[in-house]
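Visitor: model the structure of this input:
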Amino acid sequence: MLSFHESADAAVEGISDGATILIGGFGTAGQPIELIDALRRNGAKDLTIVNNNAGNGDTGLAALLGAGQVRKMICSFPRQSDSHVFDALYRAGKIELELVPQGNLAERIRAAGAGIGGFFTPTGYGTPLAEGKETREIDGRGYVFERPIHGDFALIKALKADRMGNLVYRKTARNFGPIMAAAAATSVVQVADVVPTGAIDPESVVTPGIFVNRVVAISPTSMLPGDGQ
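Guide: Prediction:
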């Protein structure tokens, strides 16, 4: 059921302790900052967060980590020059990490949305990342079996939504948004604008409204500079 909300806080209502949440963004590009901040105010704890990175600086995802609400991170790039919040938590043993190669991460999320039970990939074969997983030789090459990543919720950012929930994105801000919307039981989307049905060319729709559950319009002026929107 599609619903439109007046605030980010209302849009994330119902996210509870222990939820698995897919959060869009490639660094700050396409990161749904306002929804993440609302999740922090929501207070849900013991969360499993799936994101390409593990936070930047002290805002957005990093602030959520700093609030102690995240039990586990599933990501492909946990360390960069400004990931000091995650780094400190991990070194102190206060957060778990599942490291997933970036292509595997994207495909595991996509597989969940497509209803695929898993896939074999050569990426990670013969490394510690394959420990405990099924392996198989196919045409003389080693493969490891990867399972889909499902989310209870997805928090993503798009440029526009119409009244049926169809989404379009802006440039690199698109990144993981489309596959995360499909892989979550409930997808929550912040947009810069909600337009009438028919205002978006059907050929331009990236995420069909069938994958969208909640939409909130956030003023473009409140969005981070350089995030692609």
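Visitor: CA only for contacts and neighbour counts going forward, please
Guide: Fine.
Visitor: residue ranges for the strands of this protein, please.
Guide: Assigned by DSSP state E, the strands in the chain fall at 3-5, 20-23, 47-50, 70-75, 96-99, 119-121, 135-138, 141-146, 151-157, 160-162, 167-168, 184-191, 193-195, 214-217.
Visitor: for the first one, list every residue counted as buried.
Guide: What that stands for is strand 3-5. Going by neighbour count (16 or more other CA atoms under 10 Å), the buried part of strand 3-5 is residue 4.
Visitor: so how far is it off the chain centroid?
Guide: Put simply, strand 3-5 sits 20 Å off its chain's centre (CA atoms, centre = their mean, to the nearest Å).
Visitor: and the residue lying closest to residue 83 once chain neighbours are set aside, what does it touch?
Guide: Excluding the flanking residues, the one nearest residue 83 by CA to CA, 6 or more residues apart in numbering is residue 56, at 5.2 Å. Applying CA atoms under 8 Å, 6 or more residues apart in numbering to residue 56 gives the contacts 27-28, 62, 82-84.
Visitor: list only buried entries from those.
Guide: Of the contacts of residue 56, these count as buried by 16+ other CA under 10 Å: 27-28, 62, 83-84.
Visitor: which two among those are spaced furthest apart?
Guide: The span of those, defined through CA to CA, is set by 28 and 84 at 15.3 Å.
Visitor: residues in contact with the residue lying closest to residue 107 once chain neighbours are set aside?
Guide: Take residue 107 and drop its neighbours on the chain: the residue closest to it by CA to CA, 6+ apart is residue 148, 7.8 Å away. Contact partners of residue 148, counting by CA under 8 Å, 6+ apart, are 107-112, 116-118.
Visitor: where do the helices sit along the chain?
Guide: In the chain, the helices defined using DSSP state H lie at 8-11, 33-42, 61-66, 84-91, 102-114, 177-183.
Visitor: show me which residues of the shortest one are buried.
Guide: Just to be clear, that refers to helix 8-11. 8-9, 11.
Visitor: show me where pLDDT drops low in the protein?
Guide: 220-229 (pLDDT under 70).
Visitor: what bridges to the residue nearest the centre of the chain?
Guide: In the chain, the residue lying closest to the centroid (CA atoms, centre = their mean) is residue 23, at 2.3 Å. Going by DSSP bridges, residue 23 is paired in beta bridges with residue 155.
Visitor: from residue 146, how far out is it?
Guide: Residue 23 sits 20 Å away from residue 146, going by CA to CA, to the nearest Å.
Visitor: how much space separates the residue in the chain sticking out farthest from the centre from residue 122?
Guide: Relative to the centre of the chain, and counting by CA atoms, centre = their mean, the farthest-placed residue is residue 140 at 35.0 Å. With distances taken as CA to CA, residue 140 is found 11 Å from residue 122.
Visitor: with distance to residue 39 added, can I get the buried residues of helix 8-11 in a markdown table?
Guide: Formatted as a markdown table, these follow (distance: CA to CA, whole Å):
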| residue | distance to residue 39 |
| --- | --- |
| 8 | 9 |
| 9 | 7 |
| 11 | 9 |
